[in-house]
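Asker: Sequence and predicted model, in that order:
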Amino acid sequence: MITYILKFAELIILILGLSACSNLKDKDKTRGWSANKIYQEAKSNLNKGNYETAIKLYEDLEARFPLGRFAQQAQLETAYAYYKYGEPDSALDTVDRYIRMNPRAKNMDYALYLRGLINFTRGSNFIDRFFPRNIADLDNVRQKESFHDFTNLLTRYPNSKYAADARMRLQSLRNALADSEVHIGEYYYKRGAYLAAFNRAEYTIKHYQNAPAVIDALILKIKSARKLGKHDLAESSLRVLQANYPEYAKKL
């Protein structure tokens with residue numbers, strides 16, 4: 001038994017030793033390189049999809065030339081590389097550091113857009129690549145963060161070249177968040193928690209106007225109000241439904 005333990009320990013030491021040698025080799029590769037050369041090599045790897053290599057090179061560049069003209073751009077591209085590499089936590093940490101350290105950067109619109117993009121796709125995983133889910137089924141907290149990011153981008157930089165895509169994603173998020181709120185409200189309604197269902201419906205109507213789920217939210221609000229004995233409120237909501245969606249009002 002002791003022999004096996006010793007052999008296992010030797011194997012671990014060997015692996016760690018090889019890893020250390022590999023790291024030293026990577027550092028030796030860029031020894032003596034200029035900031036421009038490291039940046040161009042990192043950018044080339046990023047464009048080729050070699051994200052792990054690109055990340056190492058960008059981080060090496062930042063460590064060696066933290067005040068150089070390439071460091072700021074390297075930081076932003078590191079965030080993108082982490083995003084593409086499937087490391088959203090590291091991507092968010094990096095882009096947040098960029099935003100915090102460079103509040104007047106000329107690429108701030110892209111930084112905000114990238115932050116929204118990271119949160120937009122966060123919550124998906126390897127299985128989703130083969131069995132895609134509706135965005136409404138993904139992490140609701142991250143959806144709200146993404147909604148905030150894209151809204152922030154459009155408020156601060158309405159004419160940004162990323163604005164059109166941000167608007168499209170905002171609409172998708174608005175619809176998904178509205179669906180999520182209504183699903184939760186219906187869950188409460190089925191279990192007799194009518195006040196909670198009513199509040200969810202009202203929140204959806206107020207915050208996600210023009211989303212298709214607003215119709216279901218109105219219906220849920222009417223049904224919940226009736227269950228709560230708030231008949232005047234139910235009737236006023238029914239009139240709104242009749243005025244805007246008469247075909248649905250017939251069902252009530």
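Answerer: Cool, the structure landed. Remember, it's a predicted structure, so these values are computed and weren't measured experimentally.
Asker: so where is the stretch 51-200 of the chain shaky, pLDDT-wise?
Answerer: Flagging of the stretch 51-200 of the chain using pLDDT under 70 yields the residue ranges 123-139.
Asker: Correct me if wrong, but L46 is in a strand.
Answerer: No: counting by DSSP: H, G, I helix; E, B strand; the rest coil, L46 is not part of a strand but helix.
Asker: Quick check: which element contains the nearest residue to it once chain neighbours are set aside?
Answerer: Using CB to CB, 6 or more residues apart in numbering and skipping the chain neighbours, the partner closest in space to L46 is A54 (4.1 Å). Any C-beta I mention is one placed from the backbone N, CA and C, and that applies to glycine too. In this assignment (DSSP states H and E), A54 forms part of helix 51-64.
Asker: Please look at the residue nearest to L46 and Y83 and confirm they touch.
Answerer: No: using CB atoms under 8 Å, A54 makes no contact with Y83, being 11.8 Å away.
Asker: hmm, back to that, list the buried residues in the helix holding A54.
Answerer: Within helix 51-64, the residues that qualify as buried are Y51, T53, A54, I55, K56, L57, Y58, E59, D60, L61, E62, R64, counting by 16 or more other CB atoms under 10 Å.
Asker: Could you list every helix and strand that that helix packs against?
Answerer: If contacts are counted by 3 or more CB pairs under 8 Å, 6 or more residues apart in numbering; DSSP states H and E, helix 51-64 sits against helix 2-29, helix 35-48, helix 71-84.
Asker: What is the neighbour count of R100?
Answerer: Per other CB atoms under 10 Å, the neighbour tally for R100 reads 8.
Asker: and the helix or strand hosting it with helix 51-64, angle?
Answerer: Taking DSSP H and E as the definition, R100 sits inside helix 88-101. For helix 88-101 against helix 51-64, the angle by axes from the mean of the first three to the mean of the last three CA atoms, to 10 degrees is 30 degrees.
Asker: Return helix 88-101 as CSV; C-alpha atoms alone will do.
Answerer: Taking C-alpha atoms only, helix 88-101 is exported to CSV below (Å, rounded to 0.1, in the frame of the first residue of the first chain):
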residue,chain,number,x,y,z
PRO,A,88,-17.9,34.1,-18.0
ASP,A,89,-16.7,34.9,-14.4
SER,A,90,-13.2,35.8,-15.5
ALA,A,91,-14.7,37.7,-18.5
LEU,A,92,-16.9,39.8,-16.2
ASP,A,93,-14.1,40.4,-13.7
THR,A,94,-11.9,41.6,-16.4
VAL,A,95,-14.4,43.8,-18.2
ASP,A,96,-15.5,45.3,-14.8
ARG,A,97,-11.8,46.1,-14.0
TYR,A,98,-11.5,47.8,-17.4
ILE,A,99,-14.7,49.9,-16.8
ARG,A,100,-13.5,50.8,-13.3
MET,A,101,-9.9,51.8,-14.4
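Asker: Run the chain-centre distance for that helix.
Answerer: In terms of CA atoms, centre = their mean, to the nearest Å, the centre of helix 88-101 is set 12 Å apart from its chain centre.
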